[in-house]
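A.B. asks: Need a 3D model of the sequence below.
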Amino acid sequence: MLDSEVWLRQQLWQQLWRGPAAVSAYWSTAIQLVCLGLSALGSRELQGPNLWILSIIILLGILLILSDEIASCRNHRLGLLRFSASKSRDRIEKLGIQSKQVDRFLIALCLDRELEFRFRNARLQSVVLLVLALDLLSRIASRYGRCGRKVFEANQDPILSAMQLFECVPFPDADKMLVEPLRAWLKNPPEFDPEGWALPLFGRF
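C.D. replies: Residues are numbered from 1 along each chain as shown. Predicted structure coming up:
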């Protein structure tokens, strides 16, 4: 079973390189580097100002990425869980899956004020494990390409049932009722679909 703390560190590292702030900083730097290269071909008088602009853009990019990371780690890394759940939703949408249950869970994760208040005091382990399970299953399914939809649908029931129960019970009770079943599922996550129909085509990952 993947340790939740290790997984959260992995998500933080991914956001450092793939988050919105990081992507915008990389694009801005790349564009300014192109401008610097063009100015080197033309007037040398523009090279100095362009270097200053490039330095400012790099500094602002670093500050933007750092502020994004700090915001993600606030409230016991609730922002990081939102980022990961959004990435998982994007993966399953690319597989052609529209899940109302996943959408409702993501909305609650992003907009529920009571949940946010709870995370200010302590991390809800049931939420962490739900997001981890969704991330793991969506990544496994995406490895199958166009066939990933069937893989996801064959293994989604425990996760969607946990999400449905999460909606219906108070947050303190959610940890008592969901943590152990989710940990049990994560100990043996699906490597292949239960029917084994994909093995002859794809082999073992």
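
A.B. asks: any weak-confidence spans in this protein?
C.D. replies: For the chain, the stretches with pLDDT under 70 are 1-2, 19-21, 36, 38-48, 50, 68, 72, 191-205.

A.B. asks: Show me the strands in it, by range?
C.D. replies: Ranges of strands in the chain, per DSSP state E: none exist.

A.B. asks: ok, the residue nearest to the spatial centre of the chain to residue 78 distance?
C.D. replies: The structure's the chain has its C-alpha centroid closest to residue 84; by Cα atoms, centre = their mean the separation is 1.8 Å. Distance, residue 84 to residue 78, by Cβ to Cβ, to the nearest Å: 11 Å. (Each C-beta comes from the backbone N, C-alpha and C, glycine too.)

A.B. asks: Ok, residue 116 next?
C.D. replies: 7 Å.

A.B. asks: just checking, what's the longest helix in this protein?
C.D. replies: The residue-count maximum for a helix in the chain (DSSP state H) belongs to helix 47-94.

A.B. asks: Contact partners for residue 153?
C.D. replies: residue 97 (Cβ atoms under 8 Å, 6 or more residues apart in numbering).

A.B. asks: i'd like the first residue to be 206 from this point on
C.D. replies: Yep, numbering from 206; the last one is residue 358 now.

A.B. asks: How about the contacts made by residue 300?
C.D. replies: Shown in contact with residue 300 (Cβ under 8 Å, 6+ apart): 346-347, 353-354, 357.

A.B. asks: What segments of the protein are helices?
C.D. replies: Remark: helices assigned in the chain by DSSP H are 209-223, 225-246, 252-299, 305-316, 318-326, 330-347, 353-360, 362-373, 376-392, 404-407.

A.B. asks: ok so, going back, who's more crowded, residue 321 and residue 283?
C.D. replies: Neighbour tally, residue 321 and residue 283, criterion other Cβ atoms under 10 Å: the higher count belongs to residue 283, 23 against 13.

A.B. asks: That one against residue 322, yeah?
C.D. replies: No: in terms of Cβ atoms under 8 Å, residue 283 does not count as a neighbour of residue 322; the distance is 10.5 Å.

A.B. asks: For residue 386, see how far away residue 209 is.
C.D. replies: For residue 209, the distance to residue 386 - Cβ to Cβ - is 15 Å.
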